[in-house]
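J.: Structure, please.
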Amino acid sequence: MVILMAFLSGLLMTAGIAVSAMIDPNKVLGFLHLGPGWDPSLALVMAGALAVFLPGFLLIRKRKAPVCDTQFHLPKSNRIDKPLVIGALLFGLGWGLVGYCPGPAIAALTSGSVATLVFVVMMIIGWFAARKARL
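T.: Residues are numbered from 1 along each chain as shown. Coordinates of the predicted model:
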C-alpha cells in the first residue's frame, strides 16, 4: 500500500508539473526574470501548492502516524548549517541558470531534449559527489 500511495503521489506531482508547464525551462526562466516580459503564472502554481500543502501539514500534527505508514518522516533538525546553505545555493543556481529543478527535469526527460538529459546526468553526478563529500 505504501508503494502504491508513493506512486500515485508521484504521478499526481508529475501531472501537476506538466499541466503548469514547469517542465518548460523557458516558462520557469520567464518567471525568474523580473524584467520586461515577466511571466507571473508560476506564482499561481506555487500559491496553489501552498493552499494544498498547508492544511495537510497542519492536520498531520494531530495524528500519531500517517494513513499509509507507521510513522512520520519529518526532519529531525531545524538548524541552518553549512551543507544546507551550500545545497540551497546550488539548487537556486541550477534553477535560475537552467530553468529546471529535479522533479520537472525528470518529468521533462520524456521530451527527448539532449539538454534535459545532460542536466539530469549532471544532477545525478552532483548527488553522488555530495554524498562522497560528506564522508
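
J.: Look at the residue most central in space within the chain and tell me its secondary structure.
T.: Centroid-nearest residue in the chain, with Cα atoms, centre = their mean: Gly103, separated by 4.9 Å. Secondary structure state of Gly103, per DSSP: H, G, I helix; E, B strand; the rest coil, is helix.

J.: That one contacts Gly16, correct?
T.: No: taking contacts as Cβ atoms under 8 Å, Gly103 lies outside contact range of Gly16: 9.5 Å. Every C-beta, even on glycine, is put in place using the N, C-alpha and C of the backbone.

J.: what's the overlap in contacts for those two?
T.: With contacts taken as Cβ atoms under 8 Å, 6 or more residues apart in numbering, not a single residue reaches both Gly103 and Gly16.

J.: just for the protein, where's the confidence low?
T.: Scanning the chain with the threshold set as pLDDT under 70 gives 135.

J.: still on that earlier bit, give me the distance between the residue nearest to the centre of the chain and Thr70.
T.: Note on Gly103: its distance to Thr70, by Cβ to Cβ, to the nearest Å, is 26 Å.

J.: what's the answer for Ser111, then?
T.: Shown here: Ser111 relative to Thr70, a distance of 38 Å by Cβ to Cβ.

J.: Counting neighbours, go ahead and name the busier of the two.
T.: Ser111 (12 against 8; other Cβ atoms under 10 Å).
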